[in-house]
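1. here you go, sequence then predicted model.
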Amino acid sequence: MRSATLLLALLALPLSAQIGGKTTDLQAFKIIDLEMKVTDLSGNPVSAVAGNVQDLQVKEIGNEVRIELAADVLFDFDKADLLPKAEDTLTKAAAIVKQRAKGTVRVEGHTDAKGGADYNQRLSDRRAASVVNWFRTKGGLSNMTFATKGFGATQPVAPNQKPDGSDDPEGRQKNRRVEIILSTS
């Protein structure tokens, strides 16, 4: 049996770019990430990441925080009903929203490219609505204002196909997600 401890770490990473031989400072970029520490019964560290989908990724750019939730953690394939195992991930996201949000919170659904465009659009809409419903009914965010939007497969973050045209399951997995965008000012 393993015990898991989650540690919320805030990392500030100054970015710079080399343009035309000159180095130019870009906007400061912060990533809030979850570091999973797992030990076995003897207290020895064990990899908690191998083979697992990262459930939550948070990025802060200027006055905006983006929380990306992996759809595979939240939903069964081709479904918009939240899985029981989504509770922990949504609780973490709700805590960040509660602490940091100022104004309307946008919740956006995304799918991979499998299936038709209309179907994926409706699925992404329903998934965004499911997350908002959970926030309002179980996440303690009933007084917040939310706006939902589904994007279907129109905004991929990874290729759905490999360069040779074959299926890219890892890319499709990254594209199936729900993003929560909030203003911090």
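-> It's in. Numbering: from 1, shown residues only.
2. for the chain, longest helix please?
-> Counting residues, the longest helix found in the chain (DSSP state H) is helix 117-137.
3. quick one: distance of the helix or strand just after that helix to the chain centre.
-> Beyond helix 117-137 on the C-terminal side, the first helix or strand identified by DSSP states H and E is strand 146-150. On the basis of Cα atoms, centre = their mean, to the nearest Å, strand 146-150 sits 15 Å off its chain's mean C-alpha point.
4. relative orientation of strand 146-150 and helix 117-137 in degrees?
-> On the basis of axes from the mean of the first three to the mean of the last three Cα atoms, to 10 degrees, strand 146-150 is oriented at 160 degrees to helix 117-137.
5. distance of the spatially most central residue of the chain relative to residue 54?
-> When the chain is reduced to its mean C-alpha position, the nearest residue by Cα atoms, centre = their mean turns out to be residue 68, at 1.4 Å. Distance from residue 68 to residue 54, counting by Cβ to Cβ, to the nearest Å: 9 Å. Heads up, the C-betas are built off the backbone N, CA and C, glycines and all.
6. same check on residue 146?
-> Distance, residue 146 to residue 54, by Cβ to Cβ: 24 Å.
7. comparing these two, which shows the higher neighbour count?
-> Here residue 146 and residue 54 are compared on neighbour count by other Cβ atoms under 10 Å; more neighbours surround residue 146, at 20 against 15.
8. let me see the contact set for that one.
-> Contact partners of residue 146, counting by Cβ atoms under 8 Å, 6 or more residues apart in numbering, are 104, 105, 106, 107, 132, 135, 136.
9. run the last query once more with 6 Å
-> For residue 146, the residues meeting the contact criterion (Cβ atoms under 6 Å, 6 or more residues apart in numbering) are 105, 107, 132.
10. where in this protein is pLDDT low?
-> Regions of the chain meeting the criterion pLDDT under 70 cover residues 1-53.
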